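Trainee: Build me a model from this:
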Amino acid sequence: MRRSGIGILALGLAALVATAVPARAADDTKVKAAKQEVDTGAKKVREGEVGKGVEETAKGVGHTVVEGARYTGEKFRESGEAAGPPARSGWQKVKDGAYDFGTSVKTFFTRLFNN
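Mentor: Residues are numbered from 1 along each chain as shown. Model (predicted):
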């Protein structure tokens, strides 16, 4: 039963990430540059520069992993901000509570003396 709860949570999180419209889009240019580095290294291997090509490909794979993780983290952060309620200060909460209390007292006495 616990597994299905985790699965539902993961599915909900995936749907949230897919449908969230962030205020600013995460920048994926570094990820694309890292992928290009892998392509360039692979081309060098095919052209006969094996040592240099393998080295560049390995660096490109490492950069792709790092930048991909950063990009994914940005997307999760943005989706969390888009989904979360706006934060209210402590003063705002106290003010709202006092207003609600005052309204309920006023309503109580209005009903008491009008009936």
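Trainee: Give me the most central residue, this protein.
Mentor: The residue lying closest to the centre of the chain (CA atoms, centre = their mean) is Phe76, at 1.9 Å.
Trainee: Which strand or helix spans that residue?
Mentor: helix 50-83 (DSSP states H and E).
Trainee: And for Val31?
Mentor: Counting by DSSP H and E, Val31 is found in helix 29-46.
Trainee: Give the buried residues for stretch 29-45.
Mentor: Buried positions in stretch 29-45, judged by neighbour count with 16 or more other CB atoms under 10 Å: 31, 34-35, 37-38, 41, 44-45. Using the backbone N, CA and C atoms, a C-beta is placed for each residue, glycine as well.
Trainee: Stretch 68-84 now?
Mentor: Quick answer for stretch 68-84 (16+ other CB under 10 Å): 71, 74-75, 78-79.
Trainee: and what of stretch 59-67?
Mentor: So for stretch 59-67, counting by 16+ other CB under 10 Å, buried means 60, 63-64, 67.
Trainee: Identify, from those residues, the entry nearest to Lys52.
Mentor: Checking these against Lys52 with CB to CB, the nearest one is Gly60 at 12.3 Å.
Trainee: hang on, isn't the closest one packed against Ala34?
Mentor: Yes - shown here, Gly60 and Ala34 form a contact pair, counting by CB atoms under 8 Å, at 5.8 Å.
Trainee: got a list of contacts for stretch 97-104?
Mentor: Residues from elsewhere that reach stretch 97-104 (CB atoms under 8 Å, 6 or more residues apart in numbering): none.
Trainee: where in this protein is pLDDT low?
Mentor: Applying pLDDT under 70 to the chain flags residues 1-26, 84-88, 115.
Trainee: rerun at 50
Mentor: For the chain, the stretches flagged by pLDDT under 50 are 1-5, 7, 9-13, 15-23.
Trainee: helix or strand right after the helix holding Phe76?
Mentor: Downstream of helix 50-83, the first helix or strand assigned by DSSP H and E is helix 90-114.
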